[in-house]
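[1] test case, fold it:
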Amino acid sequence: MKFQLFLTKHTNQITLVTGVLIVLGMLSKYLLQFTLGYQVTLAVASIIAVVPIAIRAWSALRNRVFSIELLVSIAVIGAFIIGEFNESAIVTFLFLFGSYLESKTLQKTRTAIKGLTDMSPTTATLVTDNGTEEVDVDDVDEGDVVLVKTGSQVPVDGVVVEGNGYLNEASITGEARQINKQLDDSVYSGTMVENGYLKIKATQVGDDTTFAKIIELVEEAQDTKSKAEKFIDRFAQYYTPAVLVLAVLVFAFSRDFRLAITVLVLGCPGALVIGAPVSNVAGIGNGAKRGILIKGGEVVDTFAKVDTLVFDKTGTLTEGNTAVTTMHTYTNNTDNQLALAAAIEGVSDHPLGQAIVTYAAQKSASVAPVLDDTETVKGQGICAKVSQQEIVIGNQKMLTAHHIKLNPAQLKDLNDLQAGGQSTVIMAVDGQVQLIFGIADTIRPGVKDSLAALKAQGIKKLVMLTGDNQLTAQAVADELNLDEVHANLLPEEKVEYVKQLKEAGNTVAFIGDGINDSPSIANADIGIAMGSGTDVAIDTSDVVLMQSSFPALVHAHGLAKKTVLNTRENIFIAIATVAFLLIGLIFGYIYMASGMFIHEASILVVIFNAMRLINFQTKFDKQQPAKAVQAATA
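    Predicted coordinates:
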């Protein structure tokens, strides 16, 4: 074991010594005409270099794996036996040197995860009774308060309890812009205070922080195999023994030992084995740098095949920053009724409900009454009891379920609001409609262009599912040129529609907030949570867009398609290389050393090809800076 560890640690030095010995051997033969020195030097080089290769082969064999190292070891030992010291020395050197180059270039494909780990905070300034104390980040507990000054990283997830500052959240969202944080705002570990100072009460520490989970997710994703990788792994299990059998058959029929061991070298499937994994690592790393978390190679494969995108409306296609623009009243006690509506909606986290709460606060409504009982009906609204009164607040489905009807004037007000593209909430007390709220929500900037770009990338159908009314939903769909819109849906009806799309042969991705849409996200072929770093979003989604950005969705889809294409290119390069070598062998143009050189070169080619994914941009990405300049000029 110690010897094996020694060899592993000093493989680079062994490679260097082997190279120097080969050069000395060549000088002995061609400069000094010293043939014996040439043979001895190359024999020593062969022995030194084959040892680490043979050790690796033996380790693999103990685990019942027929490795590339086994083929090379047998070929080199065979060449040594027949006195082909130049072939054995050059083959081992090229194999070791090729492995060195592979490891160095492969490290570059993992630059994204290295960049993330480098951004991980290691220390924290803990606020104590005696002032402050510099501690290791692992020594911070939930509930502790930490101080973060300008130029320092936030070491925990938490809530601001004092101070004001501007944070760069690029480590979380991939978007390098400053966001103001003040009292009661949430902050994430790994973000940077660009200006100001913050005292933060820790809510998540260590491995439980969002940033730590992102790093863990990216690491796991890069190691998760795609279908192509799994197939190649199964193929390699049989391919390597098949090459051994082929070499034996070649010797049995030709009696040419040199030809047989050459087959072993040329049959090494190095580029084929490494081609798919390196593409996935580079592709997933590209996404991680941009705040796009893709959960593994299999997700990449499926995402590339998606032909139908299904969107939730509120908070996904729209900003989610809802505001009450109109309130129709049918009561003489408007102030009290508004306070009642706000009190009931205060138990909900729905954007429409929060808009009513905010509106009531702005209007300085009466003191909120005490609620005796509340019941939330998903996709419809809330029922409540207050002082013997029964209150229903929600959409038209909610009122219909409680047999509450609108009079002609109320119905006209409702239709006018909906025709204007506004969402509506109706409140009735003891069966009588008291208030109708018109609530506006703006479409996200750039959504229309992004959806057009997704169509250009091969998406065939864009669908919107919403619990909102048909008129409002249709207004949004018309603005964005969506192919289908389905309104007045309950959460379970959204799930059912997603299942119907899949049964019809579509490959479906559902895009939502990752919290309220968890059932639909879970049932789609690909679930995408947009703009959410919550535990729920990371756990339930296949793809997480840390920033609420539709250009990020365009990039993620384009990246998936490009990664799959890159994988196929690498597999083609690998197969073409083996075919070229075998043809060269048949016609007598390829030998052991030249074959090993081409084999190692092909591995580097597929790695360099995959590295192109590190800086990949879609056509839409490249247009964004120009559009930003045009907008600023306008």
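[2] where exactly do the strands run in the stretch 201-350 of the chain?
    292-294, 308-312, 323-329 (DSSP state E, counting those that start in this stretch).
[3] name the SS class of residue 86, please.
    helix (DSSP: H, G, I helix; E, B strand; the rest coil).
[4] and it, how far from residue 250?
    22 Å (C-beta to C-beta, to the nearest Å). Backbone N, C-alpha and C define where each C-beta goes, glycine included.
[5] any low-confidence regions in the stretch 201-350 of the chain?
    Scanning the stretch 201-350 of the chain with the threshold set as pLDDT under 70 gives 217-226, 229, 233, 236, 270.
[6] now the helices: where do they sit in it?
    210-223, 227-254, 257-266, 270-289, 297-305, 334-345 (DSSP state H, counting those that start in this stretch).
[7] turn those into CSV, including mean neighbour count and distance to residue 122.
    Formatted as CSV, the helices of the stretch 201-350 of the chain follow (neighbours: other C-beta atoms under 10 Å; distance: least, C-beta to C-beta, whole Å):
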stretch, mean neighbour count, distance to residue 122
helix 210-223, 19, 12
helix 227-254, 15, 34
helix 257-266, 23, 47
helix 270-289, 26, 20
helix 297-305, 22, 31
helix 334-345, 22, 44
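[8] sorry, back to before: tell me which of the strands of the stretch 201-350 of the chain sits most buried.
    Mean neighbours per residue, mean count of other C-beta atoms under 10 Å, is largest over the strands of the stretch 201-350 of the chain for strand 292-294, with a mean of 27.
[9] that one pairs with which strands?
    strand 543-545 (antiparallel) (DSSP bridges).
[10] tell me the angle of the next helix or strand after the strand it pairs with relative to helix 227-254?
    Following strand 543-545 in sequence order, the next helix or strand is helix 550-586 (DSSP states H and E). Taking axes from the mean of the first three to the mean of the last three C-alpha atoms, to 10 degrees, one finds helix 550-586 and helix 227-254 inclined to each other by 0 degrees.
[11] and the next helix or strand past helix 550-586?
    helix 592-611.
[12] report the inter-axis angle for that following helix versus helix 550-586.
    170 degrees.
[13] start the count at 22 instead of 1 going forward.
    Taking 22 as the first residue, the last one we looked at is helix 613-632.
[14] can you add distance to residue 176 and give the strands of the stretch 222-371 of the chain back as JSON lines?
    Formatted as JSON lines, these follow (distance: least, C-beta to C-beta, whole Å):
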{"stretch": "strand 313-315", "distance to residue 176": "21"}
{"stretch": "strand 329-333", "distance to residue 176": "34"}
{"stretch": "strand 344-350", "distance to residue 176": "36"}
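[15] looking at those, which is closest to residue 459?
    strand 344-350 (3.5 Å; C-beta to C-beta).
[16] contact partners of the closest one?
    For strand 344-350, contacts defined as C-beta atoms under 8 Å, 6 or more residues apart in numbering pick out 358-359, 376-377, 379-380, 431, 434, 438, 443, 455-462.
[17] so which of the residues you listed sit within strands?
    455, 456, 457, 458, 459, 460, 461 (DSSP state E).
[18] from those, pick the one nearest residue 602.
    Using C-beta to C-beta, those come closest to residue 602 at residue 461, 66.9 Å.
[19] the residue nearest to that closest one when sequence neighbours are not counted and residue 164: what is the separation?
    Take residue 461 and drop its neighbours on the chain: the residue closest to it by C-beta to C-beta, 6 or more residues apart in numbering is residue 346, 4.7 Å away. Per C-beta to C-beta, residue 346 is found 42 Å from residue 164.
[20] repeat for residue 121
    49 Å.
[21] in terms of packing, which of those two has more residues around it?
    residue 121 (14 against 10; other C-beta atoms under 10 Å).
[22] could you check how far that one is from residue 625?
    As for residue 121, its distance to residue 625 is 11 Å (criterion: C-beta to C-beta).
[23] beta partners for the spatially closest residue to residue 415 that is not a sequence neighbour?
    Nearest residue to residue 415 in three dimensions, chain neighbours excluded: residue 402, at 1.6 Å (C-beta to C-beta, 6+ apart). On the basis of DSSP bridges, residue 402 is bridged to residue 398, residue 415.
[24] pretty sure residue 402 is touching residue 419, no?
    Yes. Checked against C-beta atoms under 8 Å, the pair residue 402 and residue 419 is within contact range at 4.0 Å.
[25] residues that sit against both of those two, list them.
    Contacts common to residue 402 and residue 419, judged by C-beta under 8 Å, 6+ apart, are residue 413.
[26] compare those two and say which one has the larger neighbour count.
    residue 402 (29 against 21).
[27] mind listing what the more buried one touches?
    413, 414, 415, 416, 419, 446.
[28] stretch 277-297: how far from the chain's middle?
    Remark: stretch 277-297 is offset 35 Å from the chain centroid, using C-alpha atoms, centre = their mean, to the nearest Å.
[29] hmm, back to that, buried ones only from the contacts of strand 344-350, please, as a ChimeraX command.
    Buried subset of the contacts of strand 344-350, written as a ChimeraX selection, criterion 16 or more other C-beta atoms under 10 Å:
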select :358,359,376,377,380,434,438,443,455,456,457,458,459,460,461,462
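[30] identify the residue spatially nearest to residue 167, adjacent ones excluded.
    residue 145 (4.8 Å).
[31] list the contacts for the one you found?
    Residue 145 makes contact with 155, 156, 157, 158, 160, 161, 167, 176, 177 under the criterion C-beta under 8 Å, 6+ apart.
[32] now do residue 451
    Taking C-beta under 8 Å, 6+ apart, one finds 410, 411 in contact with residue 451.
[33] same thing but at 10 Å, please
    Residues in contact with residue 451 (C-beta atoms under 10 Å, 6 or more residues apart in numbering) are 409, 410, 411, 412, 413, 425.
[34] over to residue 179?
    161, 163-167, 169, 206-210, 219-226, 230.
[35] just the buried ones from those?
    Here, 16+ other C-beta under 10 Å leaves 161, 165-167, 169, 206, 208-210, 219-223, 225-226, 230 buried among the contacts of residue 179.
[36] quick check: mean pLDDT across stretch 486-497?
    For stretch 486-497, mean pLDDT is 85.
[37] sorry, back to before: as JSON lines, the contacts of residue 402 with pLDDT would be great.
    Output for these, formatted as JSON lines (pLDDT from 0 to 100):
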{"residue": "413", "pLDDT": "94"}
{"residue": "414", "pLDDT": "94"}
{"residue": "415", "pLDDT": "92"}
{"residue": "416", "pLDDT": "90"}
{"residue": "419", "pLDDT": "89"}
{"residue": "446", "pLDDT": "94"}
